[in-house]
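>>> Give the three-dimensional model of this entry:
(one chain, ligands or ions: 1)
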Amino acid sequence: MNFASDNITGAAPEVLAALQDGNTGRLMPYGNDEVSKAAEAKIAGIFETQADVFFVATGSAANALALSVLTPSWGAVFCHLGAHLNDTECGAPEFYSGGAKLLPIDGADGKFSAGDLEAAIAAAGVGNIHHCQPKAVSITQATETGSLYSLDEIKAISAVCKTHGLKLHMDGARFANAVAALGCSAADMTWKAGVDIVSFGATKNGALAAEAVVLFDTSLTEEFAYRRKRGGHLFSKMRLFAVQMDAYATDNLWLRNAQLANANAKRMADGLDVIPGISQSQSVQANILFPKMPRSVIDGLKDDGYLFYERGGKDVIRLVLAFDTPAEDIDGFIEAARKHAGS
Ligand SMILES: Cc1ncc(COP(=O)(O)O)c(C=O)c1O
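Next up, the predicted model:
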């Protein structure tokens, strides 16, 4: 009955089992243990390259800490207007960076293009002592509206970054959903496309509370390590975060769960799309959809007890599907929508 977010789920059984198993033994704290080291290596392995990996507890911390090593306090970071780090992190990126300025760029479908970025850089006052100086760019993949940057779009943005000496961050709270939808590798979508640092999400997709920051530019590692400690995300019982990430990487759980979530979104979209009066306000690419429906249908669904946000425009609701959303819940929602639409 609840389609408000992919955070409404519990942890995946594999993650819970790993926590149970990892709960025994007496290991050194603060990540100085073999379990944590192995999990870091396993997450780096997903990206098929040399990378330094740090575990943190929330996506906001991952983003804020990642950006804090990309910009000085007098720098500026471009991101989308609707980026989570711009409008839903209570100023954490500004706080962790010591005051760097976010410069939001608007754009359709939760995305901006390489051309939009060029224009924003041109308007940013580069070299003007009165302006924060552009230092980094953040893109969200999959985006907050459930859309995807294609690999070519990411490469085009990273080419602009290179031209202007900016670092590129990817908010991957729904990283796995994007990889599953694009059918590419994690490497293709990141360092091979010019991304320097990734917030690799796990909590929405199966972890209890764990995310990883993956640094391909390892010159940033030392600073990140100290900032994570200073920011309160160097956990004394790190292994209990590590086992979650280890389970998430094992047998491609991250990818399998995302495939399930994306398939659930498709099931929902397919069911709603044939109901007269209901249509998708944007294409469904990952695990989020924004169907537009008559007011009476929205109110009827709410009266039935369904939970979702009204977001994305007039008479548009946001539905987020998770890896473990029961098929009966999806089919029940479709049936209820059909009933309220009078068809
Ligand atoms: C795009 C995006 N980034 C990051 C996050 C992580 O947020 P939190 O700090 O709640 O884990 C979210 C969660 O909703 C998100 O949607």
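>>> Which residues of the stretch 1-150 of the chain lie near the ligand?
Selection of the stretch 1-150 of the chain residues close to the ligand by CB under 6 Å from any ligand atom yields 58-60, 63, 84, 140, 144. Bear in mind the C-beta positions are built from the backbone N, C-alpha and C, glycine included.
>>> Output the residues you listed in TSV, with secondary structure and distance to Arg228 appended to each entry.
Putting those into TSV (DSSP: H, G, I helix; E, B strand; the rest coil; distance: CB to CB, whole Å) gives the following:
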residue	secondary structure	distance to Arg228
Thr58	coil	12
Gly59	helix	15
Ser60	helix	14
Asn63	helix	13
His84	helix	20
Thr140	strand	21
Glu144	coil	25
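>>> Can you report how many residues lie near whichever residue of the stretch 51-200 of the chain sits closest to the ligand?
Nearest residue of the stretch 51-200 of the chain to the ligand (CB to the nearest ligand atom) works out as Gly59 at 2.2 Å. As a burial measure, Gly59 scores 24 neighbours (other CB atoms under 10 Å).
>>> what do you get for the one 4 residues further on?
Each residue near Asn63 was counted by other CB under 10 Å, and the total is 30.
>>> rewinding a little: which of the residues of the stretch 1-150 of the chain next to the ligand count as buried?
58-60, 63, 84, 140, 144 (16 or more other CB atoms under 10 Å).
>>> could you check whether the helix or strand where Lys266 lies is close to the ligand?
Counting by DSSP states H and E, the secondary-structure element that holds Lys266 is helix 253-273. No - interface with the ligand: helix 253-273 contributes nothing (CB under 6 Å from any ligand atom), its closest point being 13.2 Å away.
>>> out of the residues of the stretch 1-150 of the chain next to the ligand, which one sits closest to Phe241?
Nearest to Phe241, judged by CB to CB, of those is Thr58 at 11.3 Å.
>>> what residues are up against the closest one?
The neighbourhood of Thr58, defined by CB atoms under 8 Å, 6 or more residues apart in numbering, consists of 203, 209, 211.
>>> which of those lies closest to Arg267?
Checking the contacts of Thr58 against Arg267 by CB to CB gives Thr203 as the nearest, at 23.1 Å.
>>> Could you verify my assumption that that closest one touches Asn7?
Yes - contact criterion CB atoms under 8 Å: Thr203 and Asn7 qualify, at 7.0 Å.
>>> Which one's more surrounded, those two?
Relative neighbour count places Thr203 above the other of Thr203 and Asn7, with 22 against 11, counting by other CB under 10 Å.
>>> pLDDT wise, what is the residue of the stretch 51-200 of the chain closest to the ligand at?
With respect to pLDDT, Gly59 has a value of 98.
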